[in-house]
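Participant: Quick one, what's the 3D model for this:
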Amino acid sequence: TIADLASRGVPVETWIVGDAEIFNSVGSSRKRFFPILPREGYLRLLAQVDVSIIPLKDGVFNGSKSDVKYLECASVGTPVLASNLVYGRTIVDGKTGVLFRSAEEFSAQMIRLVTDRPFARSLAREAHRYVSEHRLMHQHVAKWASVYREWHARRDELLSRGLTAKKQPQTHP
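Facilitator: Purely as a prediction, here's the structure:
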C-alpha cells in the first residue's frame, strides 16, 4: 500500500510506537520509531498523525481486548483504520472510522484515507462526537458504582462460586 501510494505521488511516512519488530518489517525508508511513551506524550503524538492504524490478528486474546485505542484516537481527533475484530463493535464503518477484514480492504481503506483528506477529517469529527456523547467516564460512573456495590454485597457468594468452579474435575473427550 505504501508503494502504491508513492507511485501515485503520495509519499507516506510511517510512525511506529514501541514495536521494533513491526518497525523493521515496514519496507520503506520513510519511517520513524518512537519508544513506548507516557500516556500524555502518546496522546500528543497521536494527535499529530494523519491516520492511526489499529490492526488486530484474529484470536481469543485479541478478541477479548477493549476498544480503548480507538477511544484514544477519537479523543484527539485522529481518523482510524482498524481491524473489524474488536473495533467493529464500536466503529460505524465509513462514519466514525473505517474497518478492514482483509489485506485488500486494508489497502483500499488506507488509500482512501490518505488521498481523501475531507473524508478523513469527517471521520475524525464524527468519532470525537461519538466519544463526547457516549463514552466519557462521567456518563457511566453511577452504573459502574452500582455494579461494584452489588458485587461487594454478594462477594461471599461470588467467591464461593469461583472456588467451587475450580474444584470441578476436568473431563477431556
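Participant: alpha carbons only for contacts and neighbour counts from here, please
Facilitator: Fine.
Participant: For residue 89, grab phi and psi.
Facilitator: Main-chain dihedrals, residue 89, degrees, to the nearest 10: phi -80, psi -20.
Participant: go on, the one 5 residues further on?
Facilitator: Per-residue torsions, residue 94: phi 90, psi 0 (degrees, to the nearest 10).
Participant: wait, what's in contact with it?
Facilitator: residue 123 (Cα atoms under 8 Å, 6 or more residues apart in numbering).
Participant: Apply 10 Å and report the result again.
Facilitator: 81, 109, 119-120, 122-123 (Cα atoms under 10 Å, 6 or more residues apart in numbering).
Participant: Could you report the pLDDT at it?
Facilitator: Note for residue 94: predicted pLDDT of 96.
Participant: Could you check how far it is from residue 114?
Facilitator: When distance is defined by Cα to Cα, to the nearest Å, residue 94 is 14 Å away from residue 114.
Participant: Give me the below-cutoff pLDDT ranges for the chain.
Facilitator: Residues of the chain meeting the criterion pLDDT under 70: 162-173.
Participant: In it, what residue spans correspond to strands?
Facilitator: Secondary structure of the chain by DSSP state E: the strands cover 14-17, 31-34, 52-54, 80-83, 98-100.
Participant: Show me how far the second one is from its chain's centre.
Facilitator: How far strand 31-34 lies from its chain's middle: 19 Å, per Cα atoms, centre = their mean, to the nearest Å.
Participant: likewise the fourth one?
Facilitator: Here the centre of strand 80-83 is set off from its chain's centre by 7 Å, with Cα atoms, centre = their mean.
Participant: before we move on, back to that, I'd like the strands of the chain as TSV, with mean neighbour count appended.
Facilitator: As requested, the strands of the chain are exported to TSV (neighbours: other Cα atoms under 10 Å):
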stretch	mean neighbour count
strand 14-17	17
strand 31-34	14
strand 52-54	19
strand 80-83	25
strand 98-100	24
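Participant: wait, which of those is closest to residue 136?
Facilitator: Smallest distance to residue 136 across these (Cα to Cα): 18.8 Å, for strand 80-83.
Participant: which helices and strands does the lengthiest helix in the chain pack with?
Facilitator: When the chain is parsed with DSSP state H, its longest helix is helix 117-134. Under the contact definition 3 or more Cα pairs under 10 Å, 6 or more residues apart in numbering; DSSP states H and E, helix 117-134 sits against helix 68-76, strand 80-83, helix 103-115.
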